[in-house]
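*Asks:* Let me see the structure of the following:
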Amino acid sequence: MPTHVNAEAHGDERGALLAFVEAQRGGLRRSVLGLDDEQAASRPSASELSLGGLVKHVAETELNWLRMAQQKPNERQRTQETWGESFRLAEGETLVGVLAFWAEVAAETEEFIRSVPSLNDTFPLPEAPWFPQDGAVSMRWLLLHLVEEIGRHAGHADIIRESLDGKTAFELVALESGRSWG
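*Replies:* Prediction:
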C-alpha cells in the first residue's frame, strides 16, 4: 500500500506491529471510499469477490483470530456451509454497517493486544488440516498474520476498485487526505 507506517516509538515492537495492522486495514477501507452499497456489492471482474464482501470477510476473520487468542467462542463462527456468506453482503447488510462492525473488532483487537503481558504469550490453534497438530502461536504471530491476511485482501481490493471505476490505491490515498493525485 502506498502509505508510510510510523511506529509509535523507537523500539516499540507492539506499537509497530499494531501500526502495520492498522495500515493494512486502512488500505482495505480506502478501497471502498465514496462507494454506495450497490457498488460495494458489485463484482466487476471474473472473480466472485466484491469490495463489500472483502471488508466483511476481513472483519469476520479478524474477529475469529481475536476470539482464538482470547480463548473465547466466536459469536460469528462460520461453518463449511456458511463460509461463502462471509464474502458477500447479505440482505439487510450495508457497507456502513460492516465498516462499523470492523471498527469495533479493530478496537477490541488493539485493546486485547495492549493488555497481554507479552507478545510471546501463546494460544492454541484449532484442529484443522492446515494447522500443526497441537499447534500454538504467539500474539506476535497473530499480529503478523493479520498483516498478511488483511494485506492480501487489500491487494484484491485494489484490483476490484480499479476494475470498478479506474481509481488506483494512490488516487484513493490522495482522495482520503483531501489532495489530488497526478
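*Asks:* Going along the chain, name the strands of the chain.
*Replies:* 122-124, 136-138 (DSSP state E).
*Asks:* For residue 49, give me phi and psi.
*Replies:* Per-residue torsions, residue 49: phi -80, psi 140 (degrees, to the nearest 10).
*Asks:* Okay, now the unreliable bits of the protein?
*Replies:* 1-2, 181-182 (pLDDT under 70).
*Asks:* Which residue is the nearest non-sequential neighbour of residue 74?
*Replies:* Take residue 74 and drop its neighbours on the chain: the residue closest to it by C-beta to C-beta, 6 or more residues apart in numbering is residue 67, 4.1 Å away. (Each C-beta comes from the backbone N, C-alpha and C, glycine too.)
*Asks:* Could you count how many residues lie near the one you found?
*Replies:* By other C-beta atoms under 10 Å, the residues close to residue 67 number 19.
*Asks:* try residue 82
*Replies:* 10.
*Asks:* again, but for residue 23
*Replies:* 18.
*Asks:* isn't it right up against residue 3?
*Replies:* Yes: judged on C-beta atoms under 8 Å, residue 23 makes contact with residue 3 at a distance of 5.8 Å.
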